[in-house]
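> predicted structure and sequence below. I'll ask about it afterward.
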Amino acid sequence: MEIILKYFPDLTEEQRKQFAALYDLYTDWNSKINVISRKDIENLYEHHVLHSLGIAKVIQFRPGTSIMDLGTGGGFPGIPLAILFPEVKFHLVDSIGKKVRVATEVANAIGLKNVTFRHARAEEEKRTFDFVVSRAVMPLADLIKIIKKNISSKQQNALPNGLICLKGGELEHETMPFKHKTVIHSLSDNFEEEFFKTKKVVYVPI
Ligand SMILES: C[S@@+](CC[C@H](N)C(=O)[O-])C[C@H]1O[C@@H](n2cnc3c(N)ncnc32)[C@H](O)[C@@H]1O
């Protein structure tokens, strides 16, 4: 938890409580339904919560922004971002029902009011959003094909609407459909821990 305050020192009391509660909630749920590698649960704050919040080092979403988290699993990056941006609406989608259940239970337990959930393949989601966020779901080119239909043309943020995803070192092997427009941000610029050395935030305006 200290690592969250190290990089996000201005959290409200409520946000601190919500982040602090995640450890016990995920430890408990993860023992029943696997959403994080069991060996990695002790790294929850660094590898999962702070990693998710890396998106906030690229863009500060304005109040009223709507965001879909495609393939949220147990709620990453959607739940940490929903804590950080209480006035932004998040829609968490995953094709595996029991993972959506974990995300829902965790969000309810910490009283998140700005999150909705859907058990479906993202291909079936027809609503539009300002941004789609995603971590560890599928190659960039496949993500773009699926979410083109979901990006609203109405702009309300400093960056144009589009896709923002968290990627690791595997990026070199990916094809970049919108290469000229794509912005790659290295999280090692923001977070000094070894884990972030190869981690990127990839932004594609759509
Ligand atoms: C490796 S997990 C990552 C989960 C989470 N984003 C995280 O970083 O912890 C990939 C998730 O994407 C979901 N997924 C894959 N393809 C999907 C699709 N077409 N629509 C919705 N969810 C999908 C899977 O069910 C799985 O929960």
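Alright, I've got the coordinates.
> could I get the average pLDDT for the helix ranked longest in the chain?
Longest helix of the chain, by residue count under DSSP state H: helix 13-32. Along helix 13-32, the predicted local confidence has a mean pLDDT of 97.
> distance of the spatially most central residue of the chain from the ligand?
Nearest to the centroid of the C-alpha atoms of the chain, with distances taken as C-alpha atoms, centre = their mean, sits P77, at 2.0 Å. When C-beta to the nearest ligand atom, to the nearest Å is the yardstick, P77 and the ligand sit 7 Å from each other. Quick note: C-beta positions are derived from backbone N, CA and C, even for glycine.
> can you verify my assumption that that residue contacts A56?
No. At 9.4 Å, P77 does not count as touching A56 under the criterion of C-beta atoms under 8 Å.
> quick one on the thing from earlier: identify the residue nearest the residue nearest to the centre of the chain in space, chain neighbours excluded?
The spatially closest residue to P77, leaving aside those adjacent along the chain, is S52, at 3.2 Å (C-beta to C-beta, 6 or more residues apart in numbering).
> and for G78?
Counting by C-beta to C-beta, 6+ apart, the nearest residue to G78 once its immediate chain neighbours are dropped is D69, at 3.5 Å.
> residues near the one you found, how many?
A total of 30 residues lie near D69 under the criterion other C-beta atoms under 10 Å.
> sec struct for it, please.
strand (DSSP: H, G, I helix; E, B strand; the rest coil).
> next up, the contacts around it.
When contacts are counted by C-beta atoms under 8 Å, 6 or more residues apart in numbering, D69 touches 75-78, 81, 90-93, 132-134.
> that one and the ligand, how far apart?
7 Å.
> also V201?
13 Å.
> in a strand, that's where that residue is, yeah?
Yes. Assignment of V201 by three-state DSSP places it within a strand.
> look up the closest residue to it, ignoring the ones flanking it.
Closest residue to V201 in three dimensions, ignoring its sequence neighbours and counting by C-beta to C-beta, 6+ apart: H185, at 4.4 Å.
> on that earlier part again, what helices or strands is the helix or strand that the longest helix of the chain is followed by leaning on?
Moving toward the C-terminus from helix 13-32, the first helix or strand encountered (DSSP states H and E) is helix 51-53. Using 3 or more C-beta pairs under 8 Å, 6 or more residues apart in numbering; DSSP states H and E, the elements in contact with helix 51-53 are helix 78-84.
> who does the helix it packs on touch, helix- and strand-wise?
By 3+ C-beta pairs under 8 Å, 6+ apart, helix 78-84 packs against helix 13-32, helix 51-53, strand 66-70, strand 89-94, helix 97-109, strand 115-119.
> out of the ones you listed, which is closest to V204?
V204 lies closest, by C-beta to C-beta, to one member of the helices and strands packed on helix 78-84: strand 66-70, at 13.1 Å.
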